[in-house]
Structures are given as C-alpha cells and as structure tokens.
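Trainee: With the input below, show me the fold.
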Amino acid sequence: MVLNRKIISTKDGSKTLRIEELKESYHSVHGAVNEAVYVFIENGLDEVASTKHKIRILEMGLGTGLNALITALFSKKNNLKIEYLGVEKYPINSEEFELLHYADSVSKALEVEQKEVEAINRKMFEAEWEKWNEITPSFSICKVNKDFFDLNTIGESAFDLVYFDAFGAHAQPELWEKDLLQLVVEKMADDGWFTTYAAKGSLKRHLTNLGLKVEKRPGPPGKREMMIAYNEK
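Mentor: Model prediction:
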C-alpha cells in the first residue's frame, strides 16, 4: 500500500501527517505535541518512572518519531535509562522529516533549547534501522520496519511500557482486535504498562480478557477519554 500523506498544522502549532484516503492523521488535530505528552508521558512514562530507572518501551506506530523524541528529552531531564523499540511499516521520508520540523514546537512545549531538540530529532531520524542506536547517553532506539502483525518475529521482549499509537479503529479496525493485542501483551514485562489515546469498549474487553487491569482516564484536548492498562502477574 502506498500512503499519500500531507503535512497539516495542529492547534498547538505543531505539525503532523494526514492520509486523506483513510481520513486519518498521525496525531490529534487538537495538538500533536500536547497529545503525545499527555497520553504517553503523563499517563505512561511518568507512572513507570516512579518505580523504575531503566525502562524498556515498545511503540506500536513510530510514525513521525514525535513520541520517541519527547521520550528521549524526558529521559535526559529525569536521569532515566531508556531502550525504545519503535515498529513502523511506512517510515517517513527526508522531505517529510524536514517539513514536520518538530524542533520549534517541541522546544517551546517542553522548555528545551531548540538546538538540542533539533540535534536529537535528526540523529534519531538518521539512525540505522533494525539495530540499536545510542541517541543520547540516556536513550537508545531500535527502529523496526515491520508490519504490526509480525511483532512475534522480533526477539525483544519484557517491555516495561507500551505506547499503542496505531491508526484509529475507523481506519484500520484490525489493529484494535484481540489477535494483535495478544502479540503486544506477550511482549510486556510481568509488571508492564500499556497506554493509548483510544477508549473503545471493545478494546477494554480485549485487554481485560488478555489479563490486564484496565482503566479509562480523561482524554487529551479534543477527546473525552483515553485508556491505560497494566499487568499484575
């Protein structure tokens, strides 16, 4: 499948990609950076970092790299050690990377120097695929170019935190069904944490049936609810 993507601006001034055929954007039009921080940091990494210093993260949907970028900055600020594996079937290209230009919006939102954000973002984008790359002393990433349903072919496991950032169920419903979710849960650590922007009742049922404790929380701007889940094995 060829994705015809275009750059759009979101309400917090940051940019994202939109696929017209799917009527789907990579991030919330109400604010790409705001959504990423709220869903994946404040309702994910913050929670895990309260009990762990070394954290392994699995992102289902590396996309533009925004979540990974914000996570790398968070890890440095909070003296964490993070290994981050991002799965993405359709990586962005160089032109899209330059046009997204996250350095400006992310530096303002996180109060970090723009040059630092730009350097980390570029190093992450240029990092070799299918291998581990140290981006900063506190953050390493492995970018994997695979279909989500090939997750079981990836040897890495025992992830402390999952960022589930797949396209919405209206665009790709199969990504929110039990078959894929089971592959994800099998990759989680015994006390692993799962966070996503979605709050579908069927998602809650699937995660509960897979043994996770599920909790709905207030959503980011433009969304009433989101969902977290965690493993109590």
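
Trainee: quick one: the closest residue in space to L110 that isn't next to it in sequence from K131, how far?
Mentor: Ranked by CB to CB, 6 or more residues apart in numbering and with sequence neighbours excluded, the top spatial neighbour of L110 is L73, at 5.8 Å. Just so you know, the C-beta spots here come from the backbone N, C-alpha and C atoms, and that holds for glycine as well. Going from L73 to K131 by CB to CB, to the nearest Å gives 22 Å.

Trainee: what about those two, which has more around it?
Mentor: Between L73 and K131, L73 has the larger neighbour count (other CB atoms under 10 Å), namely 23 against 10.

Trainee: about what we covered before: for the residue nearest to L110, give its distance to W193.
Mentor: Counting by CB to CB, the gap from L73 to W193 is 20 Å.

Trainee: now E118
Mentor: With CB to CB as the criterion, E118 and W193 are 30 Å apart.

Trainee: how many other residues sit next to the closest residue to Q172 other than its chain neighbours?
Mentor: In space, Q172 comes closest to A166 once its chain neighbours are excluded; the distance is 6.7 Å by CB to CB, 6+ apart. A166: 20 surrounding residues under other CB under 10 Å.

Trainee: Which residue ranges of the protein form helices?
Mentor: 32-36, 46-49, 66-77, 94-100, 102-110, 114-126, 178-186, 201-209 (DSSP state H).

Trainee: which residues sit against the last one?
Mentor: So that's helix 201-209. Here helix 201-209 makes contact (CB atoms under 8 Å, 6 or more residues apart in numbering) with 169, 176-178, 181, 185, 194, 196, 214, 216, 227, 229.

Trainee: Among those, show me the least confident.
Mentor: Within the contacts of helix 201-209, A169 has the lowest pLDDT, namely 91.

Trainee: That one reaches L180, doesn't it?
Mentor: No: using CB atoms under 8 Å, A169 is not in contact with L180; the gap is 11.6 Å.

Trainee: Which of those two has more residues huddled nearby?
Mentor: Set A169 next to L180 and count neighbours by other CB under 10 Å: L180 wins out with 20 against 15.

Trainee: Find the nearest non-adjacent residue to the more buried one, please.
Mentor: Nearest non-adjacent residue to L180 (CB to CB, 6+ apart): F148, at 5.7 Å.
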